[in-house]
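Enquirer: give me coordinates for this.
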Amino acid sequence: MGLQKPVLSTLSAIALATIAVPAIVLEASAQLTAPYVSGAGTLDRNQDHFVDIEAAGGPLERVKVVCVTFHQLEDVKVVDGDGNDIPHTVNYGFEEFTVTFDEPIPEGEKARFVLVDSRVRGRRTGLTIPYRIFGTTPMLEGLIPFGTAIVTVPEVTGR
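Expert: Just a heads-up that it's a prediction; the model follows:
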């Protein structure tokens, strides 16, 4: 009988503790938007590649494009949704480049990055090229990922 009383007391305490504590449900409702890759492809009969980026969650200040495929190109042009040039500077690194805008791209606008005369190891067809896109905005500190753009250029035969 001496053992039953401590067991019953313990079970009673556990039952009271579980009944007395109300269930607390936390619901998170944070929403964060950032610039993102909205399109990619080729132009000028596969000579040029493009990457579209939408400025979301605030203005777009700088974009870094990383090409990890022994990529070569002649120039980088940046245009708005209407095809007008966007003033910028380009700094080239090994298999990457960074575009800094003279004035940030306003939220809700699109910037198209045209990689002029784009090729990999001299080839322009039969390629699938991933471009990793990063950038900065005034709202988020540091370089953040915006996405990956995949450009596929089919093999051209019969030339």
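Enquirer: can you pull out the helices in the protein?
Expert: Here the chain has its helices, by DSSP state H, at 4-20.
Enquirer: quick one: low-confidence parts of it?
Expert: Applying pLDDT under 70 to the chain flags residues 1-32, 158-159.
Enquirer: how about residue 41, what does it touch?
Expert: Contacts for residue 41 (Cβ atoms under 8 Å, 6 or more residues apart in numbering) come out as 49-50, 151. Heads up, the C-betas are built off the backbone N, CA and C, glycines and all.
Enquirer: over to residue 118?
Expert: By Cβ under 8 Å, 6+ apart, the contact list for residue 118 reads 47-49, 71-73, 124, 129.
Enquirer: next, the buried residues of stretch 87-102.
Expert: For stretch 87-102, a neighbour-count test (16 or more other Cβ atoms under 10 Å) marks 88, 96-99, 101 as buried.
Enquirer: how about the strands in the protein?
Expert: For the chain, the strands defined by DSSP state E occupy 36-43, 48-54, 60-67, 71-72, 75-80, 88-93, 96-105, 110-116, 119-120, 127-136, 144-153.
Enquirer: can you name the residues that contact residue 143?
Expert: Neighbouring residues of residue 143 by Cβ under 8 Å, 6+ apart: 64, 134-136.
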